[in-house]
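**Q** Quick check, what structure comes out for this input:
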Amino acid sequence: MTRTAIVSALREELAAVLELMPDEQRQVVAGREFWRGHLHGYEVVAALSGIGKVAAATTATLLIERFKVDDVLFTGVAGGLAPGVRVGDLVVASEFLQHDMDASPLFPRYEIPGTGLSRLPADQALTATLSRAAQAALADLPHLLDPAARQEFGLQAPRLHRGLLVSGDRFVASAAESQALQQALPEALAVEMEGAAFAQVCRDFGVPLAVVRTVSDRADDAAHVDFLRFLRGVASPYSAAVLEHFFKTLAI
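**A** Down below sits the predicted model:
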């Protein structure tokens with residue numbers, strides 16, 4: 001049976017997913033928490049990666065080498081960059097890039113030394129299934145979120161986007177930083193701190209990866225406002241709903 005890793009950076013992002021696992025068993029390795037169990041009958045290992053690319057790379061390696069996962073699903077939040085990517089929207093990554101990777105002049109800006117690549121693709125089949133699950137979760141929105149949360153964060157007709165997700169070891173939280181990223185990487189839909197690291201490790205080991213992110217802010221001066229409330233009231237229920245639809249789709 002396939003063993004799937006389900007990963008988030010923060011406990012609040014993963015909380016609702018853990019509630020879906022009837023038999024989870026907690027294990028701590030290298031200071032990280034892992035839960036082995038099942039979700040809709042499928043064997044899973046849920047994990048908290050921690051924040052940033054180094055923490056993400058360590059967690060990805062542990063999942064593959066220690067827990068022997070066959071594929072990886074990463075879920076959490078991101079800051080929207082592209083026009084039209086609004087708070088409450090879902091972004092499914094088709095490819096990843098480290099926006100703070102710059103080994104020039106030895107290598108072109110953004111290129112990962114030794115690979116000849118600046119962009120790493122998500123697994124197409126896994127991403128297609130995750131995209132269908134994300135679309136189904138959005139269709140459930142009226143029943144998924146508390147009306148007060150929808151009103152507080154102005155969630156109206158959230159949409160699904162697919163495309164470039166960029167990662168870096170800083171929390172983008174100013175309009176100036178956000179605009180600079182948009183100008184340098186106009187195709188980037190959203191920014192976060194772990195996805196590209198997971199993509200690099202999964203590529204090295206030949207393990208399929210798919211990532212879905214809930215847009216929690218516009219990566220601007222208001223990015224920190226009510227962040228934890230958004231995680232608990234919106235992002236965590238979104239993650240649980242997307243993953244439920246994902247595993248139900250596998251069963252069909």
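**Q** how about the strands in the stretch 151-252 of the chain?
**A** 160-167, 188-192, 209-217 (DSSP state E, counting those that start in this stretch).
**Q** Tabulate the ones you listed in CSV, adding columns for distance to residue 117.
**A** C-betas here are computed from N, CA, C, even on glycine. Shown next, in CSV, are the strands of the stretch 151-252 of the chain (distance: least, Cβ to Cβ, whole Å):
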stretch, distance to residue 117
strand 160-167, 13
strand 188-192, 16
strand 209-217, 15
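**Q** name the helices or strands packed onto the helix or strand bottoming out on mean pLDDT in the chain?
**A** Least confident helix or strand, the chain: helix 141-144 with a mean of 71, by mean pLDDT, DSSP states H and E. Helices and strands touching helix 141-144, by 3 or more Cβ pairs under 8 Å, 6 or more residues apart in numbering; DSSP states H and E, are helix 236-251.
**Q** ok, 10 Å please
**A** The elements that helix 141-144 packs onto, with contact taken as 3 or more Cβ pairs under 10 Å, 6 or more residues apart in numbering; DSSP states H and E, are helix 147-152, helix 236-251.
**Q** quick one, the longest one and strand 209-217 angle?
**A** If you take axes from the mean of the first three to the mean of the last three Cα atoms, to 10 degrees, helix 236-251 sits at 150 degrees to strand 209-217.
**Q** Could you give me the buried positions within helix 236-251?
**A** By neighbour count on 16 or more other Cβ atoms under 10 Å, the buried set for helix 236-251 is 236-247.
**Q** again with stretch 126-142
**A** 126-127, 129-134, 136-138, 141.
**Q** got any ranges where the stretch 101-250 of the chain has weak pLDDT?
**A** 142, 218-225 (pLDDT under 70).
**Q** re the thing from before, any chance of the buried residues of stretch 126-142 in TSV, plus secondary structure and distance to residue 16?
**A** What follows is those, written out as TSV (DSSP: H, G, I helix; E, B strand; the rest coil; distance: Cβ to Cβ, whole Å):
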residue	secondary structure	distance to residue 16
126	helix	21
127	helix	22
129	helix	20
130	helix	17
131	helix	20
132	helix	20
133	helix	15
134	helix	15
136	helix	16
137	helix	12
138	helix	16
141	helix	15
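**Q** TSV please, covering those and showing distance to residue 87.
**A** Formatted as TSV, the buried residues of stretch 126-142 follow (distance: Cβ to Cβ, whole Å):
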residue	distance to residue 87
126	26
127	23
129	25
130	21
131	20
132	23
133	21
134	16
136	21
137	16
138	14
141	13
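**Q** Out of the residues you listed, flag the one nearest to residue 103.
**A** Residue 103 has its nearest neighbour among those in residue 127, at 28.1 Å by Cβ to Cβ.
**Q** Settle this for me: that closest one is touching residue 121, isn't it.
**A** Yes. Assessed by Cβ atoms under 10 Å, residue 127 is found in contact with residue 121 at 8.8 Å.
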